[in-house]
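J.: return atomic coordinates for the entry below.
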Amino acid sequence: MTLDWLIIGGGIHGVHIAARLLGDAGVDPDRLRIVDPGDRLLAQWRRATATTGMKHLRSPSVHNLDLNPMSLKSFARKHRRRDPDVFAPPYDRPALELFNDHCDQVAETFGLADLHIRDRATTCSVDCDGVHVRLSDGREIAARHLVLAIGASEQPLWPDWAPRDDARVHHVFDPGFDGWPSSTETVVVVGGGISASQVALRLLDEGHQVHLVSPHALREHQFDSDPGWLGPKYMDGFRREQDLDRRRALITEARHRGSVPPDVMRALRRAMGRDELRWHEGEIAGLDERHRGLDLRLASGAVLEADRALLATGFVTRRPGGPMVDDLIASASLPCASCGYPIVDSTLRWHPRVFVSGPLAELELGPASRNIAGARRAGDKLVEAARNGAGES
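T.: Prediction:
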């Protein structure tokens, strides 16, 4: 059977787009599938947020995975979630547990677990009849339309000084991360943003000695880009800009990389004020391995002795998707900007049969493309495309 829609990626974007295609565009569930190697949908999201110790999302409650942006607030009322910590000020940011429970309800409402193909897409190609995707187990799936809802989660950024073969050095966003200390240790957390800060605070809560090493001063921003990027304030000018190199520059300038929201900043400063958290601004120049620990040499000349180093250094900036997307680009002559990212139309169409979301859509959707808000905007575009026959001739 040839599907109408095949979504590669079962994270925030893939789940929301599936719900929108089913609920708003009227796609038959029998004609839609989601390919993702996780044992359940949103598996990587759950692992990453659990590892960092996230308590509340950075995003407001209207940024959720259901069709109606007010659905999360309604869900909380229905299930008597009246604890004052369920929504944190400002912007009614939901507690992680509430958000995840709501995601479960969205998945149940649309039967998404039954549409989940638990495998990895390894190659995909397009022809006049549709899209053909091969899975790691050798199966092939045919579909009329493909959505690449691929994030950057499988390409964490490892600093040059960090060895990948030392059991005491881990990146917290490695898909198979298992480096959390099981007994009291001295831990160096490396990174300057919200994830590194949350990891450091979680380690403190669990009784560890913690050093936080950031390459820059602590930066406070409520969101990782100005809310004006969600509406016409900034997006009108962004869309008028036809030079894609300039669009890339606007995205880079707009993102508050390595920043933390005010509530996390307050927690960091309280911990530093009590001398529980030792914060160091600077680069790490190198690492020396000892029999019973690590010596991390800072560019300042200081040396930090630790039992373990946890990297929360974000993700590489190259286009996600790896060889699968590289081969698709080559085989279908798909257009890319000089930064390597897709050139798509206003409905996120990269090819008459291929659509994108998340990082792959950011030259069209702007700096919020990777976030939950970006997933909702991508959902709007995909619903529009589906209702219009997805641009088929």
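
J.: give me the three-state assignment for the closest residue to residue 28 other than its chain neighbours.
T.: Nearest residue to residue 28, sequence neighbours excluded (CB to CB, 6 or more residues apart in numbering): residue 4, at 7.1 Å. To be clear about C-beta, it is placed using only N, CA and C from the backbone, and glycine gets the same treatment. Three-state assignment for residue 4 (DSSP: H, G, I helix; E, B strand; the rest coil): strand.

J.: neighbours of residue 4, how many?
T.: 18 (other CB atoms under 10 Å).

J.: next, residue 34: phi, psi?
T.: Per-residue torsions, residue 34: phi -120, psi 120 (degrees, to the nearest 10).

J.: which residues does it contact?
T.: 6, 7, 9, 10, 14, 15, 18, 41, 112, 115, 116, 117 (CB atoms under 8 Å, 6 or more residues apart in numbering).

J.: residue ranges of the helices in the stretch 51-200 of the chain, please?
T.: Assigned by DSSP state H, counting those that start in this stretch, the stretch 51-200 of the chain shows helices spanning 71-78, 96-109, 112-115, 194-205.

J.: can I get the ones you listed in TSV with mean pLDDT and mean neighbour count?
T.: What follows is the helices of the stretch 51-200 of the chain, written out as TSV (pLDDT from 0 to 100; neighbours: other CB atoms under 10 Å):
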stretch	mean pLDDT	mean neighbour count
helix 71-78	94	17
helix 96-109	97	18
helix 112-115	98	17
helix 194-205	98	23
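
J.: output those helices as JSON lines; include the columns distance to residue 212.
T.: Formatted as JSON lines, those follow (distance: least, CB to CB, whole Å):
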{"stretch": "helix 71-78", "distance to residue 212": "32"}
{"stretch": "helix 96-109", "distance to residue 212": "21"}
{"stretch": "helix 112-115", "distance to residue 212": "38"}
{"stretch": "helix 194-205", "distance to residue 212": "5"}
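
J.: quick one: closest of these to residue 27.
T.: helix 112-115 (10.5 Å; CB to CB).

J.: chain center to that closest one, what's the gap?
T.: Centroid separation for helix 112-115 versus its chain: 21 Å, with CA atoms, centre = their mean, to the nearest Å.

J.: next one: stretch 18-25
T.: Using CA atoms, centre = their mean, the offset of stretch 18-25 from its chain centre is 21 Å.

J.: same question, stretch 153-169
T.: Distance of stretch 153-169 from its chain centroid, counting by CA atoms, centre = their mean, is 19 Å.

J.: give me the nearest residue to residue 228, chain neighbours excluded.
T.: residue 234 (4.5 Å).

J.: can you list the buried residues in the helix or strand where that neighbour lies?
T.: Assigned by DSSP states H and E, residue 234 belongs to helix 232-240. Within helix 232-240, the residues that count as buried by 16 or more other CB atoms under 10 Å are 234, 235, 238.

J.: dump the C-alpha coordinates for that helix into CSV.
T.: C-alpha atoms of helix 232-240 as CSV (Å, rounded to 0.1, in the frame of the first residue of the first chain):
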residue,chain,number,x,y,z
PRO,A,232,4.8,40.2,12.0
LYS,A,233,7.0,42.4,14.1
TYR,A,234,10.1,40.7,12.8
MET,A,235,8.8,38.0,10.4
ASP,A,236,7.5,40.5,7.8
GLY,A,237,11.0,41.9,7.3
PHE,A,238,12.4,38.4,7.3
ARG,A,239,10.1,37.2,4.6
ARG,A,240,10.8,40.3,2.5
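
J.: list of residues touching it?
T.: So helix 232-240 is contacted by 226, 228, 229, 247, 250, 254, 366 (CB under 8 Å, 6+ apart).

J.: any of the residues you listed buried? List them.
T.: Buried among the contacts of helix 232-240 (16+ other CB under 10 Å): 226, 229, 247, 250, 254, 366.

J.: spatially, which two of those are the most separated?
T.: Using CB to CB, the pair of the buried ones among the contacts of helix 232-240 lying farthest apart is 226 and 247, separated by 16.1 Å.

J.: what sits against the closest residue to residue 148 other than its chain neighbours?
T.: Of all residues not flanking residue 148 in the chain, residue 356 sits nearest, at 4.9 Å (CB to CB, 6+ apart). Contacts for residue 356 were tallied using CB under 8 Å, 6+ apart; they are 147, 148, 149, 342, 344, 348, 350.

J.: which ones among these map onto strands?
T.: Judged by DSSP state E, strands contain the following of the contacts of residue 356: 147, 148, 350.
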